[in-house]
Each structure stands twice: as C-alpha cells, then as structure tokens.
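Student: The sequence and its predicted three-dimensional model are supplied below.
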Amino acid sequence: MTHVEQLLRGPVLEVAPAMLGWELSHDTREGHVTVRLTEVEAYAGEADPASHASRGRTLRTEVMFGPPRRLYVYFSYGMHWCANIVVGVDGEASAVLLRAGRVVEGMELARARRPPGTSERSLARGPACLTQALGIGKSHNGADLCGESPLTLTPGEPVSAISSGPRVGVSLAAEAPWRFWITGDETVSAYKRSPRAPA
DNA sequence: TGAACGATTTCCT
DNA sequence: GGAAATCGTTCAA
C-alpha cells in the first residue's frame, strides 16, 4: 500500500482537512496540469444525509462504496462535472469533494480549458471549475489515483492555517461545519447556502 | 413512464 | 441579488 493510500484510509473528518495543500495532477495528450487543493468538503458515508451515498448503493454511487483512493465523478445541474476522492474504510462510502484549488503547473492549458478572460485565481475556483481546469469528466469516474491512471495525488507543502464552516449548497445537515479551506486563500470559492436549507 | 430535484456557474439588472 | 441553462438520478404511480 502506498503512503498516500494509507493517509486516505483515516476518518473522513480528519482526512479532508489534511488534504489541503495536496496536489492533483492530470496528464493528457494536450499536456499536464497540476492543482494545489485550497478547499474541500467532507461527505461522511451512508449516514450523512447530504451525501449521494445516503440512499444506499446505486449505480451512480457504486464507486463511493468501493475502496478509497479512487475518484468519484458526478454530473450536476445538467452541465457540470464535480470530483470527489473516496476515503476511509472500504464499503463506508465516505468521500472528499474537491471544491477549489490553485493551478501550479500547466497554467496555459488550464486557461485554454476555461472561458476566455478567466482570471488566474478563478481557473479552479469552484468544484466544476476545478474539474474543467484539470480536464476531468465522466470517463474518469472510478479512476485510481495511485495506480497507472494519468491522475495522481501527492501530499504537498503544509498549509499555513485551516478554516472550517458549513458546506456549500447542501439542504440537509446544513449546519455541519464539514467544509475546510486554507485561511485567507484567494482561490477559495464564495460561500452559498442552499436556498432549500431550513432557516 | 413521468416529474421533481439538485454537492453549480454565469450573466443580467 | 436573481434567474436561466440543462439533464442524469431517483422515486412515485
């Protein structure tokens, strides 16, 4: 078992903040892009009402119920792809949503994948923006981040300080402070509470 | 077989 | 601050 895989096997509420500052790289024919994670959210398995896994094992959530270190990619609002890293114990269905990051390699390619005029800090600011900048989509669902896959995850430099707060856009368990970000980082996305969340 | 609903982003006023 | 764009997943009938 690799070092990274070992780190991912811990409890999701410990693994998620620990993943801040880690780097996710994607190699394609077009080139290479690396993003340093600045914002993540924890989804705590089948018992977490806000998680897609809360309805049990389905075709869509199959990957989450499998072993950790794999990528769970889902389609959102008819147009966006968002990526999670499966963590914890095999079968527990815990995952960490990659909400934002800073492009540290392959700036030009990342820019080419985003709308013209996108500022550098916004290239991977938001979960769907991050997958766009990295060139991640449906075909990467279930990809192994430690194996032969062109996607690789590596621990990065330690972060200065970590903040936490409620998750973005979730209507259930809306108070759980399971969103983690690097304090003061400009690439962290704006907080938006779900309009369906109870007052 | 049908309908409601998003772990969102972007553009408009 | 608000609404549109747009479709796979899930649940009800």
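Tutor: Noted; the coordinates are in hand. Everything quoted here is computed from the prediction, not taken from an experiment.

Student: Every contact and neighbour count from this point should use C-alpha atoms.
Tutor: Noted.

Student: The residue most central in space within chain A - nearest residue in space that isn't next to it in sequence?
Tutor: Nearest to the mean C-alpha position of chain A, by C-alpha atoms, centre = their mean, lies A:Leu98 at 1.6 Å. Leaving out its chain neighbours, the residue that sits closest to A:Leu98 by C-alpha to C-alpha, 6 or more residues apart in numbering is A:Val40, at 4.9 Å.

Student: A strand includes the one you found, no?
Tutor: Yes - when DSSP: H, G, I helix; E, B strand; the rest coil is applied, A:Val40 is found to be in a strand.

Student: which residues does it bridge with?
Tutor: Judged by DSSP bridges, the bridge partners of A:Val40 are A:Leu98, A:Phe180.

Student: In contact with it, which residues?
Tutor: By C-alpha atoms under 8 Å, 6 or more residues apart in numbering, A:Val40 lies in contact with A:Ala16, A:Pro17, A:Leu20, A:Val96, A:Leu97, A:Leu98, A:Arg99, A:Ala100, A:Arg179, A:Phe180, A:Trp181.

Student: hang on, the earlier thing: please name the residues that touch the residue nearest to the centre of chain A.
Tutor: By C-alpha under 8 Å, 6+ apart, A:Leu98 lies in contact with A:Leu37, A:Glu39, A:Val40, A:Glu41, A:Cys82, A:Ala83, A:Asn84, A:Ile85, A:Pro127, A:Leu130.

Student: now swap in A:Glu105 and tell me
Tutor: A:Glu105 makes contact with A:His32, A:Val33, A:Thr34, A:Val35 under the criterion C-alpha under 8 Å, 6+ apart.

Student: Please check the residues you listed and keep the buried ones.
Tutor: A:His32, A:Val33, A:Thr34, A:Val35 (16 or more other C-alpha atoms under 10 Å).

Student: What is the end-to-end distance of stretch A:144-156?
Tutor: With C-alpha to C-alpha, to the nearest Å applied, stretch A:144-156 spans 19 Å between its terminal residues.

Student: For A:Leu109, grab phi and psi.
Tutor: Phi and psi for A:Leu109, reported as degrees, to the nearest 10, are phi -70, psi -40.

Student: ugh, wrong one, I meant A:Gly135
Tutor: Note on A:Gly135: its backbone torsions stand at phi 70, psi 30 [degrees, to the nearest 10].
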